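Q: Here is my input; please provide its structure:
(one chain, ligands or ions: 1)
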Amino acid sequence: MGASLIDGKAIAASVRADVAGAAADLTGRIGHKPGLAVILVGEDPASQVYVRNKVKLTGAVGMHSVEHRLAAGTSQAVVEELIDSLNADDHVDGILLQLPLPEGLDANAAIARIDPSKDVDGLTETNAGRVLLGRRGLVACTPQGSVILAKSVLADLSGKNAGVVGRSILVGKPLSLLLQAENATVTMAHSRTQDLAAVCRGADILCAAVGRPEMIKGDWIKPGAIVIDVGINRLETPDGKGRLVGDVAFEEAKEVAGAITPVPGGVGPMTIACLLKNTVLAAARRRGWADPLG
Ligand code: NDP
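A: As a prediction, the model looks like this:
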């Protein structure tokens, strides 16, 4: 193996340790723990696992966790009333609406209801717009975590060629903006890109957020590149347990890349760590205090 592994678990643990310190300090200043509210509508099994992890890790960093589970048939009005009440609740600093919502519910309308100062997922138009404008806001967690991982290998991304495969609102688009803010030269690719392999081969920093198992092959990787694999795809296995793989063919890519994130254990843990980080930032900022983390 040529590449070094980018240990997302360890880096996420160190972000959470910083968050725990900030949370303890804020608890003293506020008089109660900073709080993160999670709304889960319906029974989606993957969402249930994500929410369980988020609740567990929120408590572990010394924050208050509030979980609201609503039945799949809950109306839009009830979801939005809950968001309104969390917006008004001073014990709640962050609101996370677990996506996807069950069919029949309008996720965009629900997200728009979240007070941007508590929008720790960075999905409201206000926070997404602030990333575009290069202004301070709450930055979407997965793209934020991906940049932290790339910078753990190379502190200064200035002038590097970055390739981002995928242009979703959740990952690809904000990630490309964050990389530009780091002064990387960014090329975006998507399902209509004509020579995807060539785009990838030009990238010193290659970020894959596609949702197609092992689509990016080893010989698409520039030798020595930093590879950030956001994809999480479940493959069936004969024992029925399934196996998680990324969007990059890891075994091939690790022979060529300079550094690469594993799946699992790469970007995934960073997403939750950045959610917790955003919650302490939100707790401080909405009280008009300086950012607790550098
Ligand atoms: P979306 O499905 O919203 O977006 C996928 C993007 O990939 C689209 O822009 C699409 O292009 C592009 N794409 C699809 N097929 C191809 C192709 N053959 N060649 C090039 N581009 C293609 O997915 P998300 O961005 O939400 O998620 C991407 C992956 O990241 C998924 O595996 C998801 O599970 C994972 N993920 C992981 C997280 C984590 O914490 N690690 C968090 C969030 C997501 P077009 O726009 O043209 O359709």
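Q: What parts of the stretch 1-150 of the chain come near the ligand?
A: residue 142 (C-beta under 6 Å from any ligand atom). No exception for glycine: its C-beta is placed from N, CA and C like everyone else's.
Q: Leaving out sequence neighbours, find the closest residue to the residue of the stretch 1-150 of the chain found nearest the ligand.
A: Scanning the stretch 1-150 of the chain for the residue nearest the ligand gives residue 142, at 4.1 Å (criterion: C-beta to the nearest ligand atom). Counting by C-beta to C-beta, 6 or more residues apart in numbering, residue 142 lies nearest to residue 271, which is 4.7 Å off, once chain neighbours are set aside.
Q: Just want to check the distance between that neighbour and residue 226.
A: Distance of residue 271 to residue 226, given as C-beta to C-beta, to the nearest Å: 18 Å.
Q: again with residue 157
A: As judged by C-beta to C-beta, residue 157 and residue 226 stand 9 Å apart.
Q: So between those two, which is more surrounded?
A: residue 226 (27 against 24; other C-beta atoms under 10 Å).
Q: Quickly list what's touching both of residue 157 and residue 226.
A: Contact criterion C-beta atoms under 8 Å, 6 or more residues apart in numbering; residues shared by residue 157 and residue 226: 150, 205.
Q: Which stretches in the protein count as helices?
A: Taking DSSP state H, the helices of the chain run over residues 8-30, 45-60, 76-88, 107-113, 125-133, 141-153, 172-181, 196-201, 250-253, 267-285.
Q: Output those in CSV, with mean pLDDT appended to each entry.
A: Listed next are the helices of the chain as CSV, based on pLDDT from 0 to 100:
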stretch, mean pLDDT
helix 8-30, 98
helix 45-60, 94
helix 76-88, 98
helix 107-113, 98
helix 125-133, 98
helix 141-153, 98
helix 172-181, 98
helix 196-201, 98
helix 250-253, 98
helix 267-285, 98
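Q: quick one, which of those helices is nearest to residue 214?
A: Residue 214 lies closest to helix 250-253 among these, at 7.4 Å (C-beta to C-beta).
Q: How far away from the center of its chain is that closest one?
A: 23 Å (C-alpha atoms, centre = their mean, to the nearest Å).
Q: And that helix, what's buried?
A: Neighbour counts over helix 250-253 (16 or more other C-beta atoms under 10 Å) mark 250, 252-253 as buried.
Q: what do you get for stretch 193-208?
A: Buried residues in stretch 193-208, defined by neighbour count with 16+ other C-beta under 10 Å: 196, 199-201, 203-208.
Q: and the ligand, which of those reach it?
A: residue 196.
Q: what would the buried residues of stretch 193-208 look like in CSV with distance to residue 217?
A: Listed next are those as CSV, based on distance: C-beta to C-beta, whole Å:
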residue, distance to residue 217
196, 10
199, 13
200, 9
201, 11
203, 14
204, 18
205, 18
206, 12
207, 16
208, 11
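Q: quick one: contacts for the residue nearest the centre of the chain?
A: Nearest residue to the geometric centre of the chain (C-alpha atoms, centre = their mean): residue 142, 1.7 Å. Under the criterion of C-beta under 8 Å, 6+ apart, the neighbours of residue 142 are 170-171, 175, 209, 230, 267, 270-271, 274.
Q: try residue 61
A: Residues near residue 61 by C-beta under 8 Å, 6+ apart: 16, 19-20, 23, 276.
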